[in-house]
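[1] What follows is a predicted protein model with its sequence.
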Amino acid sequence: MKYRKPARDERTIINRALAQWGVFDALKDSTLIVREDGKSRQACLVTPELEAAIANINPLFCGLAVGDLAKHFQPTMEGADLFARLSGGGRNYVVVGENAEKLVLYGRDVMGDSVISAADLSENELVIITNRAGEALGIGRTRFAGKSMMQKGRITVTTVVDAGRYLREEDGERQAKMSRSPRRRRS
Amino acid sequence: MVLLFPQSPRGDALARKYGYDPWLVSRFLQYVPDVEQFLDKMESKPTRYIRVNTLKMDTKSLADRLAKKGFELRQTALPEVLAVEKEPMSAGATTEYMLGHYYLQDLSSCMAVEALDVQKGQKVLDMAAAPGGKTTFIAQRMQNTGAIIALEPNEKRARSMAFNLARLGVFNTCVCKMDGLEAAKLGKFDRVLLDAPCSCEGVIAKDPSRKTSHAPEDVDYCSARQANLLETAIKATKLGGVVVYSTCSFAPEENEAVVETVTGKLGARVEPFGHGSAGLDSFGDKKFRMGKNTRRFYPHLHDTTGFFVARLRA
């Protein structure tokens, strides 16, 4: 695992993404570094003090991974959460009602009936799914464009990742472990 | 060496009644106030606490949201920590929990961070950090500024911890796969938290198997390792900085005795701290000069899991 400053082209990709998600002004002066493991790269938000502190150590994890870096930038769930809180919504944010909130957190796709607001989006666009309070529930991809996003009886956003996923996985792992290893007592 | 006391009819009767190994109860009789109330309390489900993640949500807003869902919450001694008096659904299954608005954490555990008294911009070391409850609380008390270096030797636990940091929106922290004993090579810190691996006697109410699953030798083993870790912690702290040593054990050998040995050797002093009960100033023939300044948390007195906190000035 290696952490380093972003290269110029990476900084450009990151800046474009920050603008796309409506957080360029909020994050333009923040410290972002790149985590690289040979196979993938992630942009991580850190404090200047943390960046300095890891100069001579090799951490497994550092800061908040806000997005995966490839040809384009794709926000992570944590990035989506941060962007939603900082931006207060905007284009690329789809707001869903209370009933859909829980379903998205359990990985379900979004029905058009549940969409409260969606900007003039195109088909196959990456969006952050939020609740009415503007909190990120998941990241999804639109299946329709424009007003069709709110059509009844159809799934209009495919949920790609949701904020409840890791907790579900961890819970499943814990239960599997418990069923495998009965508690031993000292005789 | 762990101190063992002769068994007594009363101790044996209590051990039988509550299902403990007799050696453990005979020790409790030496230093735990109101032992029967204590053992009774350990039979009941511990109070659940939530610690509001103020990086994402203020305490009042969260309390209002949970109240609308039927939760009844009570304020505690710490402004971010609420006791759950009624939960219509598991507090670990709400939308707010999934979104990282709060963390399930015992009040006693939060006291270690309270004692650390972190300030914005500081450099902090968390020597035994997973699963990250205290680390994330430190981060929120620092308002996501400065730097926290969190150590965890087990990679799987480190990954799990990284998830907790991410879920709670922490970005001033890194996680290193490293044993706390190696901390000397990381330089000097303003604050060091050592929540030391221990025999976990304090969590018997959550895990009753611990009534019989550990032996006196386990306490000895933990105590020796804790002393080495605390020595490392003090050496990693800037002059005038603060080290907090904590365990979730009741055993004096893991608590006051460790503090006594290491402060005697390195010259750090134990500062008073305004929560919990005073620690022990003696146990058997052992005297603890600064024991009264350390703090103990008992389930029947403080409505928390068992905990020990010492705040040391380097």
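    Ah, there it is. Bear in mind the structure is a predicted one, so any value in this text is a computation, not a measurement.
[2] Tell me which helix or strand the closest residue to residue A:92 other than its chain neighbours sits in.
    In space, and not counting its chain neighbours, residue A:92 is closest to residue A:127: 5.3 Å by CB to CB, 6 or more residues apart in numbering or on different chains. Any C-beta I mention is one placed from the backbone N, CA and C, and that applies to glycine too. Taking DSSP states H and E as the criterion, the element that holds residue A:127 is strand A:126-130.
[3] cool, and residue B:93?
    Using DSSP H and E, residue B:93 falls outside every helix and strand.
[4] burial count for it?
    14 (other CB atoms under 10 Å in any protein chain shown).
[5] do you know how far it is from residue B:278?
    Here residue B:93 is placed at a distance of 39 Å from residue B:278 (CB to CB, to the nearest Å).
[6] on that earlier part again, now for the residue nearest to residue A:92: which residues touch it?
    Residue A:127 makes contacts with A:92-94, A:118, A:121, A:139-142, A:157, as judged by CB atoms under 8 Å, 6 or more residues apart in numbering or on different chains.
[7] try 7 Å this time
    The contact partners of residue A:127, taken as CB atoms under 7 Å, 6 or more residues apart in numbering or on different chains, are A:92-94, A:121, A:140, A:142, A:157.
[8] Let me know the pLDDT of it.
    On the pLDDT scale, residue A:127 is placed at 97.
[9] is it in a bridge, and if so with what?
    residue A:140 (DSSP bridges).
[10] now it: how far from residue A:136?
    For residue A:127, the distance to residue A:136 - CB to CB - is 10 Å.
[11] and if you look at residue A:168?
    The gap separating residue A:168 from residue A:136 is 17 Å, by CB to CB.
[12] quick one, which of those two is more surrounded?
    Legend: neighbour count by other CB under 10 Å for residue A:168 and residue A:136, higher for residue A:136 (24 against 14).
[13] got the residues of chain A near chain B?
    A:45-47, A:49-50, A:53-54, A:57, A:59-65, A:78, A:81-82, A:101-102, A:105, A:135, A:163-164, A:166-167, A:170, A:183, A:185-186 (CB under 7 Å from any CB of the partner chain).
[14] mind checking the end-to-end distance for stretch A:103-116?
    Start-to-end span of stretch A:103-116 (CA to CA, to the nearest Å) is 15 Å.
[15] okay, now residue A:4: neighbour count?
    Residue A:4: 11 surrounding residues under other CB under 10 Å.
[16] Any idea what it is bridged to?
    Counting by DSSP bridges, the residues bridging with residue A:4 are residue A:34.
[17] From chain A, how far out is the residue nearest to residue B:195 when sequence neighbours are not counted?
    Take residue B:195 and drop its neighbours on the chain: the residue closest to it by CB to CB, 6+ apart is residue B:246, 4.8 Å away. When distance is defined by CB to the nearest CB, to the nearest Å, residue B:246 is 23 Å away from chain A.
[18] I'd like the mean pLDDT over the helix or strand hosting residue B:246, please.
    Per DSSP H and E, residue B:246 falls inside strand B:237-247. The average of the pLDDT scores along strand B:237-247 is 97.
[19] Break chain A down into its domains, please.
    Domain assignment for chain A by automatic domain parsing gives A:2-84, A:89-163.
[20] Could I get the ones you listed in TSV, plus columns for distance to residue B:133?
    Putting the domains of chain A into TSV (distance: least, CB to CB, whole Å) gives the following:
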stretch	distance to residue B:133
domain A:2-84	16
domain A:89-163	19
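[21] Got a quick ChimeraX command for the buried subset of the residues of chain A next to chain B?
    Of those, the buried ones can be selected in ChimeraX as follows, counting by 16 or more other CB atoms under 10 Å in any protein chain shown:
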select /A:45,46,47,49,50,53,54,59,60,61,62,63,64,65,78,81,82,101,102,105,135,163,164,166,167
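[22] which residue packs closest to the residue nearest the centre of chain A, ignoring adjacent ones?
    Centroid-nearest residue in chain A, with CA atoms, centre = their mean: residue A:77, separated by 2.0 Å. Sequence neighbours aside, residue A:161 is the residue nearest to residue A:77 in space, at 5.3 Å (criterion: CB to CB, 6+ apart).
[23] ok, residue B:299 - contacts?
    B:38, B:41-42, B:46, B:205, B:305-306.
[24] can you do 10 Å?
    Contacts for residue B:299 (CB atoms under 10 Å, 6 or more residues apart in numbering or on different chains) come out as B:37-44, B:46-47, B:108, B:202-205, B:250, B:305-307.
[25] Output stretch B:16-29 as PDB, nothing but the C-alphas.
    The C-alpha atoms that make up stretch B:16-29 are tabulated as PDB, following Å, rounded to 0.1, in the frame of the first residue of the first chain:
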ATOM      1  CA  ARG B  16     -22.300 -21.200  43.500                       C
ATOM      2  CA  LYS B  17     -25.300 -18.900  43.400                       C
ATOM      3  CA  TYR B  18     -24.000 -16.800  40.500                       C
ATOM      4  CA  GLY B  19     -22.000 -19.400  38.700                       C
ATOM      5  CA  TYR B  20     -18.500 -18.000  39.100                       C
ATOM      6  CA  ASP B  21     -15.200 -19.700  39.800                       C
ATOM      7  CA  PRO B  22     -14.600 -19.400  43.600                       C
ATOM      8  CA  TRP B  23     -11.200 -17.700  43.200                       C
ATOM      9  CA  LEU B  24     -12.700 -14.800  41.400                       C
ATOM     10  CA  VAL B  25     -15.400 -14.200  44.000                       C
ATOM     11  CA  SER B  26     -13.000 -14.500  46.900                       C
ATOM     12  CA  ARG B  27     -11.000 -11.700  45.200                       C
ATOM     13  CA  PHE B  28     -14.100  -9.500  44.600                       C
ATOM     14  CA  LEU B  29     -14.900  -9.800  48.300                       C
END
